[in-house]
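> need a 3D model of the sequence below.
(chains A, B, C and D)
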2 protein chains.
Amino acid sequence: MPPHRTRRRIPDATVARLPIYLQILAEQSAGGVDNISSEGLADLAGVNAAKVRKDLSYLGSYGTRGVGYDVDHLVYQIRRELGLDHDWPVVIVGAGNLGQALAGYGGFNDRGFPVAGIVDIDPGKFDSVVAGARVRPLEELAQIVAAKGISIGVIATPPTAAQDAADRLVKAGVTSILNFAPIVLSVPVGIVVRKVDLAVELQILSYHEQRRSVADQNGQLHAVPAERGRGATA
Amino acid sequence: MPPHRTRRRIPDATVARLPIYLQILAEQSAGGVDNISSEGLADLAGVNAAKVRKDLSYLGSYGTRGVGYDVDHLVYQIRRELGLDHDWPVVIVGAGNLGQALAGYGGFNDRGFPVAGIVDIDPGKFDSVVAGARVRPLEELAQIVAAKGISIGVIATPPTAAQDAADRLVKAGVTSILNFAPIVLSVPVGIVVRKVDLAVELQILSYHEQRRSVADQNGQLHAVPAERGRGATA
DNA sequence: GGACGCATGTGCACGATTTCACAAAGCAGG
DNA sequence: CCTGCTTTGTGAAATCGTGCACATGCGTCC
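Model prediction:
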């Protein structure tokens, strides 16, 4: 066994929540809170306390019974587990509206994912500077990925160009892709793809609105009014 | 029983996939394909054929055994189920980089979610025109929502202003919220919130990359190489 | 130094989702 | 019209995720 013993696999559902906990814990830490209970964290995250405890237990036993969790230590552990103890440079493919907005958005640079490159197929965009990064030709993608040791790529192209972008990213050595184009990408197994699709999100909301109006017509009761919950991601 | 009998509840997991199917089916339809099997659709969507059949069965029995599904009819049924048979105007709160990018993004107007209003708290932004919509003061939010019959709101403010934005949207009568701010919103029950958080997505990718490198150190096998799958949303 | 109270960590039951496997049903061809 | 091939629709099993309930362990106070 190596010094860093191989960790047990963490369920996807838990992995998806860890960033939320991290976010909240970082805020608490900044606010001077140095200890938090599973219930406190659960309230802030809008989930069940038992779920918080189970989620955190996958990281190890870092709480103290009768007391709670040390906020800073938890931040440290979650960051470590998520691989946030160092930066992950990313490359953006597509310097259109979306690509530019993403590059300019603080969410990348500020949170450990510096934009190490942005490429486009349109020569008219070459060398224009977007949020500190110069737009380079698509052909230089492989070179940029290799030179900067990039493993995460972001696709911000129109849908028709997205599969080609994915192919090029994979060929260049990228192993994780964040896809903003509204198409299902085909990639070799082992490559992790996450998709963010505005239309899908809106259509899910539309579904719930539509249901609501059907229910109204049938004279059914509205959901209970007063009570407040956090983040019904229903 | 009213003419539109109340539909059985469709599982959340299925609702989240229907927009993907719809997208693919619309493409197929445009490409002249008029019939598709569950397996064909499953391949294109990157999922299991049985899942497709079960998902579609929640809409009713619209397939023909031994043949498959009529593409156009399926498009019609999914659209109907998702409430896409009419437009859902949306209002955007926050006219900063993100709000402007969203308003300008075709994804809204082109897909049945016209931007019926965009508001901001900064007087410097009032009356500037973003993608055909004039930026109005935050105070006019309720009036805009009422006048245009809006039920979906989009939060594109900085995190510190997001909860206030949510409160105002709810008070104005909005019942579904798409939140781009990296905080957990607190809303009354009955209000549906969906969150899109770039940092969360990147951190999930980071987790997988981190795991990959730990596995490498331990001399473990990489995932199988050649084979191609669609959209590993792992 | 012992008793008490509190919050964690986890076994277990439950619910939701995925997948399998096959009967039912339509179509084509003889 | 009957047989065979194909693909749907769906019970039932398997898997995954959630939440309850409580034993365990830690800190505190007397």
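> in this structure residue A:75 contacts residue A:24, no?
No - taking contacts as Cβ atoms under 8 Å, residue A:75 lies outside contact range of residue A:24: 9.9 Å. Using the backbone N, CA and C atoms, a C-beta is placed for each residue, glycine as well.
> could you chop chain A up by domain?
A:12-81, A:90-197 (automatic domain parsing).
> closest to DNA strand C out of the ones you listed?
domain A:12-81 (3.0 Å; Cβ to the nearest atom of the strand).
> got the contact list for stretch A:151-171?
A:88-96, A:98-99, A:102, A:113, A:121, A:138, A:141-142, A:145, A:172-183, A:185-188, A:191, A:193, B:202, B:205-206, B:209 (Cβ atoms under 8 Å, 6 or more residues apart in numbering or on different chains).
> likewise for stretch A:35-45?
Taking Cβ under 8 Å, 6+ apart as the rule, stretch A:35-45 contacts A:17, A:20-21, A:24-25, A:28, A:48-53, A:56, A:63, A:67-71, A:74, A:230-231, B:184.
> can you say which of the residues you listed are buried?
By neighbour count, with 16 or more other Cβ atoms under 10 Å in any protein chain shown, these hold A:17, A:20-21, A:24-25, A:28, A:52-53, A:56, A:63, A:68-71, A:74, A:230-231, B:184 as buried.
> what's opposite the closest residue to residue A:195 other than its chain neighbours in the beta bridge?
Using Cβ to Cβ, 6 or more residues apart in numbering or on different chains and skipping the chain neighbours, the partner closest in space to residue A:195 is residue A:179 (4.7 Å). Legend: beta-bridge partners of residue A:179 under DSSP bridges are residue A:155, residue A:195.
> helices and strands around whichever strand or helix holds residue A:103, which ones?
According to DSSP states H and E, residue A:103 maps onto helix A:97-104. Judged by 3 or more Cβ pairs under 8 Å, 6 or more residues apart in numbering or on different chains; DSSP states H and E, the packing partners of helix A:97-104 are strand A:90-93, strand A:115-120, strand A:129-130, helix B:97-104.
> burial measure for residue A:129, as a count.
10 (other Cβ atoms under 10 Å in any protein chain shown).
> three-state assignment of the residue nearest to it when sequence neighbours are not counted?
Once flanking residues are discounted, residue A:129 sits nearest to residue A:135: 7.6 Å by Cβ to Cβ, 6+ apart. Judged by DSSP: H, G, I helix; E, B strand; the rest coil, the three-state class of residue A:135 is strand.
> for the closest residue to residue A:140 other than its chain neighbours, which residues are in contact?
Leaving aside its sequence neighbours, residue A:140 sits nearest to residue A:119 (Cβ to Cβ, 6+ apart; 6.4 Å). Shown in contact with residue A:119 (Cβ under 8 Å, 6+ apart): A:91, A:92, A:93, A:94, A:95, A:135, A:136, A:137, A:138, A:140, A:141, A:144.
> mind listing the residues bridging to residue A:119?
Under the criterion used here (DSSP bridges), residue A:119 is bridged to residue A:93, residue A:136.
> how near is it to chain B?
To chain B, residue A:119 is 19 Å away according to Cβ to the nearest Cβ, to the nearest Å.
> got it, and residue A:47?
9 Å.
> any idea whether that residue is helix, strand or coil?
Once three-state DSSP is applied, residue A:47 turns out coil.
> ok, which stretches of chain A are strands?
Along chain A, the segments classed as strands by DSSP state E run A:35-36, A:63-64, A:68-70, A:90-93, A:115-120, A:129-130, A:133-137, A:152-155, A:176-179, A:186-188, A:192-195, A:228-230.
> turn these into CSV, including mean pLDDT and distance to residue B:11.
As requested, these are exported to CSV (pLDDT from 0 to 100; distance: least, Cβ to Cβ, whole Å):
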stretch, mean pLDDT, distance to residue B:11
strand A:35-36, 98, 34
strand A:63-64, 96, 34
strand A:68-70, 98, 34
strand A:90-93, 98, 34
strand A:115-120, 96, 38
strand A:129-130, 84, 41
strand A:133-137, 94, 42
strand A:152-155, 98, 29
strand A:176-179, 98, 24
strand A:186-188, 97, 26
strand A:192-195, 98, 20
strand A:228-230, 55, 21
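> re the thing from before, buried subset of the contacts of stretch A:151-171?
Using 16+ other Cβ under 10 Å, the buried ones in the contacts of stretch A:151-171 are A:88-95, A:98-99, A:102, A:113, A:121, A:138, A:141, A:145, A:172, A:174-183, A:185-188, A:191, A:193, B:202, B:205-206, B:209.
> so for the closest residue to residue A:34 other than its chain neighbours, what's the pLDDT?
Leaving aside its sequence neighbours, residue A:34 sits nearest to residue A:71 (Cβ to Cβ, 6+ apart; 5.4 Å). With respect to pLDDT, residue A:71 scores 98.
> the one 4 residues further on too?
Among the per-residue scores, residue A:75 shows a pLDDT of 98.
> CA atoms of the helix holding residue A:103 as PDB?
C-alpha atoms of helix A:97-104 as PDB (Å, rounded to 0.1, in the frame of the first residue of the first chain):
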ATOM      1  CA  ASN A  97     -20.500  35.000 -27.000                       C
ATOM      2  CA  LEU A  98     -20.500  32.100 -24.600                       C
ATOM      3  CA  GLY A  99     -16.800  31.400 -24.700                       C
ATOM      4  CA  GLN A 100     -16.100  35.000 -24.000                       C
ATOM      5  CA  ALA A 101     -18.600  35.200 -21.200                       C
ATOM      6  CA  LEU A 102     -17.100  32.100 -19.700                       C
ATOM      7  CA  ALA A 103     -13.500  33.400 -20.000                       C
ATOM      8  CA  GLY A 104     -14.600  36.700 -18.400                       C
END
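> what is the distance between that helix and the centre of its chain?
How far helix A:97-104 lies from its chain's middle: 16 Å, per Cα atoms, centre = their mean, to the nearest Å.
> mean confidence score for that helix?
Here the average pLDDT along helix A:97-104 is 88.
> so what touches it?
A:92-93, A:95, A:108, A:115, A:118, A:120, A:130-131, A:133, A:154, A:156-157, A:180, B:97-98, B:101, B:104-105, B:198.
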